[in-house]
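[1] Coordinates for the following, if possible.
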Amino acid sequence: MIESLNHFSIRTTDLEATRRFYEDVLGLKVGPRPDFPFPGLWIYSGDTSKPYNAVVHIIGIDRDDPSGLKAYLGDREEQSLHGSGALDHIAFFASGLAEMQQHLQGLGIEPRSRTVPSLGLHQLFLDDPNGIVIELNYPANEK
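    A predicted model of the protein is given here:
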């Protein structure tokens, strides 16, 4: 069951300008981020010690070594990252991992699965009919 919107992610070639916008214009602040295999920032609204306050995830593109990003989230053509094409994914907190996996299997959908141990999350990634990636975050203990 979907419980709440968690965050949205932006894939960018200009990590610093994106950071400045969300900090200087919107008053949000950079905080802790798991050690993903690609550059990025988590931008928080409120207490930066609470991962669920990271409302914007900025995904940086390392042009010298994009392999970590490609392996984790998939590849995107750089020229497509403008306007709403820069929206990388929309994430929801959810519960009922086993039920969702069974439901998706019944629909013939094979999600991409990841676990973020430092946050205690198990993630399912799937694509909507428009090519927008949907991330479902479950408590890791449901895995």
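
[2] What count of nearby residues applies to His82?
    10 (other CB atoms under 10 Å). C-beta coordinates here come from the backbone N, C-alpha and C atoms, glycine included.

[3] Tell me the confidence at it?
    Model confidence at His82, given as pLDDT, is 77.

[4] For this structure, which segments count as helices?
    Using DSSP state H, the helices of the chain run over residues 15-20, 67-73, 97-106.

[5] Let me have those in TSV, adding mean neighbour count and distance to Gly60 as columns.
    Listed next are the helices of the chain as TSV, based on neighbours: other CB atoms under 10 Å; distance: least, CB to CB, whole Å:
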stretch	mean neighbour count	distance to Gly60
helix 15-20	15	4
helix 67-73	15	8
helix 97-106	13	29
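
[6] Need those in TSV (columns: distance to Ile132 and mean pLDDT).
    Compiled in TSV, those are given as follows (distance: least, CB to CB, whole Å; pLDDT from 0 to 100):
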stretch	distance to Ile132	mean pLDDT
helix 15-20	19	92
helix 67-73	13	90
helix 97-106	16	93
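
[7] Distance to Tyr44 added to those, as CSV?
    Listed next are those as CSV, based on distance: least, CB to CB, whole Å:
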stretch, distance to Tyr44
helix 15-20, 12
helix 67-73, 21
helix 97-106, 26
